[in-house]
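Q: build me a model from this:
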Amino acid sequence: MNFEIISTNHAPAAVGPYSQAVRCNDMLYCSGQIPLDPKTNQIVAGDTGAQTKQVMENLKAVLAAAGIGFENVVMTTIYLTDLGDFMVVNKIYEEYFEKNHYPARVTVEVSKLPKDARVEISMIAKLPS
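A: So this is what the prediction gives:
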């Protein structure tokens, strides 16, 4: 088994005992990202839309650190503290993927997220052979 920790300063540092991402063989497992500004390590100001954009930018940076992009993502999990925000999150999320190349996805409402974030997203991606 080939195992490598992926890390970048362009995304927030882990706030616990985990890695931003782990490459295992030809798969990349990205830990959940919350809307932390990587420069300040604080939740970005604004509504759920602003938070979702920051989460996606954080994930974009992690994917880039592994040498790939959103076109390689095969699965995502979205955690929301209010499922009423689904349409706002969905609209921003969609902007990061090419049409007809959407990954599989799960979206769930949770009672609370770290640092009182409104959204968290994790991803699994396939690395090129």
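Q: CA atoms for contacts and neighbours, from now on please.
A: Will do.
Q: would you map the helices across this structure?
A: Secondary structure of the chain (DSSP state H): helices at 48-65, 86-94.
Q: and these as CSV, adding mean neighbour count, distance to Val108 and mean pLDDT?
A: Below are the helices of the chain laid out as CSV (neighbours: other CA atoms under 10 Å; distance: least, CA to CA, whole Å; pLDDT from 0 to 100):
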stretch, mean neighbour count, distance to Val108, mean pLDDT
helix 48-65, 21, 15, 98
helix 86-94, 15, 10, 97
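Q: quick one: closest of those helices to Ala104.
A: Nearest to Ala104 among the helices of the chain is helix 86-94; the distance by CA to CA comes to 12.5 Å.
Q: what is that closest one packed up against?
A: For helix 86-94, the packing partners by 3 or more CA pairs under 8 Å, 6 or more residues apart in numbering; DSSP states H and E come out as helix 48-65.
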